[in-house]
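Asker: Model the structure of this input:
(2 chains)
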Amino acid sequence: GPKVLQIPSHQIIDMGQMVTLNCDPVSNHLYFYWYKQILGQQMEFLVNFYNGKVMEKSKLFKDQFSVERPDGSYFTLKIQPTALEDSAVYFCASSSYRGEQFFGPGTRLTVL
Amino acid sequence: QQNVQQSPESLIVPEGARTSLNCTFSDSASQYFWWYRQHSGKAPKALMSIFSNGEKEEGRFTIHLNKASLHFSLHIRDSQPSDSALYLCAVSMSNYAQGLTFGLGTRVSVFP
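Answerer: Model prediction:
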């Protein structure tokens, strides 16, 4: 079935540095999402994105976070600067206007 | 704010048995209800969804929804070892490209 890829699978970074998480969505999908899962907690919605714009964001989507999809390539989540509490697994998803969100396997981010 | 709870936390069942998973939600305006399955280290994948009260069956899987009780469930008939996974319930306010609110998950182990 359709697959969402996430690169890298693991990332270790020092606090205060910038990190970019990459997502390769399902090819004909136009809606994109990021979710965050802290160890032992449920997966939580961060943001969704369509046609170059953020549609909806949660209170977890801090000012240090930004998303973009330049020229139809990867959908990215950038965190600048990173903080210790940003350590989590970040899941990307994509969908058409209706129906199932297809998830990637996640990127584990560790901030030291 | 939506609160989604799953029970039980974990379940061990013999092959061939029926498995029942529960999910409660707090916002009565919720419209769309999902079950996702996540095998270890893999992407969560949608199993089934429902939006109207009642029951829906697909193969060995049946989903029940009772909006008045703020409750939905997943039942797996003739459980197989390949059904061993983390089962996540999710709720959204519509089926139109919105963020999902997830539960913490039920870990199911099916032994031969």
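Asker: Quickly note the distance from the residue of chain A found nearest chain B to B:Trp35.
Answerer: Residue of chain A nearest chain B, by C-beta to the nearest C-beta: A:Phe45 (3.3 Å). Quick note: C-beta positions are derived from backbone N, CA and C, even for glycine. Taking C-beta to C-beta, to the nearest Å as the measure, A:Phe45 falls 17 Å from B:Trp35.
Asker: What segments of chain B are strands?
Answerer: B:5-7, B:10-14, B:19-24, B:32-38, B:45-50, B:54-58, B:61-66, B:71-76, B:85-92, B:101-102, B:106-111 (DSSP state E).
Asker: Pop out the phi and psi values for A:Leu60.
Answerer: Torsion angles at A:Leu60 (phi, psi; degrees, to the nearest 10) stand at phi -80, psi -20.
Asker: In contact with it, which residues are there?
Answerer: A:Lys36, A:Glu44, A:Phe45, A:Leu46 (C-beta atoms under 8 Å, 6 or more residues apart in numbering or on different chains).
Asker: Let's see that with 10 Å instead.
Answerer: By C-beta atoms under 10 Å, 6 or more residues apart in numbering or on different chains, the contact set of A:Leu60 is A:Trp34, A:Tyr35, A:Lys36, A:Ile38, A:Glu44, A:Phe45, A:Leu46, A:Val47, A:Glu85, A:Ala88.
Asker: What does the last one show for phi and psi?
Answerer: Read that as A:Ala88. Note on A:Ala88: its backbone torsions stand at phi -180, psi 180 [degrees, to the nearest 10].
Asker: picking up where we left off before, out of the contacts of A:Leu60, which sit inside strands?
Answerer: Among those, the residues falling in strands (DSSP E) are A:Trp34, A:Tyr35, A:Lys36, A:Glu44, A:Phe45, A:Leu46, A:Val47, A:Ala88.
Asker: Show the pLDDT at the nearest residue to the fourth one once chain neighbours are set aside.
Answerer: Spelled out, it's A:Glu44. Nearest residue to A:Glu44 in three dimensions, chain neighbours excluded: A:Lys36, at 5.4 Å (C-beta to C-beta, 6 or more residues apart in numbering or on different chains). With respect to pLDDT, A:Lys36 scores 98.
Asker: who touches A:Lys36 in this structure?
Answerer: Per C-beta under 10 Å, 6+ apart, neighbours of A:Lys36: A:43-47, A:58, A:60-61, A:65, A:77, A:86, A:88-91, A:106, A:109.
Asker: out of these, which are buried?
Answerer: A:43-47, A:58, A:60-61, A:65, A:77, A:86, A:88-91, A:106, A:109 (16 or more other C-beta atoms under 10 Å in any protein chain shown).
Asker: ranges for the strands of chain A?
Answerer: Remark: strands assigned in chain A by DSSP E are A:5-7, A:10-13, A:19-24, A:31-37, A:44-50, A:53-57, A:65-68, A:75-79, A:88-95, A:102-103, A:107-111.
Asker: Can I get those strands in CSV including distance to B:Arg60?
Answerer: Formatted as CSV, the strands of chain A follow (distance: least, C-beta to C-beta, whole Å):
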stretch, distance to B:Arg60
strand A:5-7, 29
strand A:10-13, 35
strand A:19-24, 32
strand A:31-37, 28
strand A:44-50, 30
strand A:53-57, 35
strand A:65-68, 38
strand A:75-79, 34
strand A:88-95, 25
strand A:102-103, 22
strand A:107-111, 32
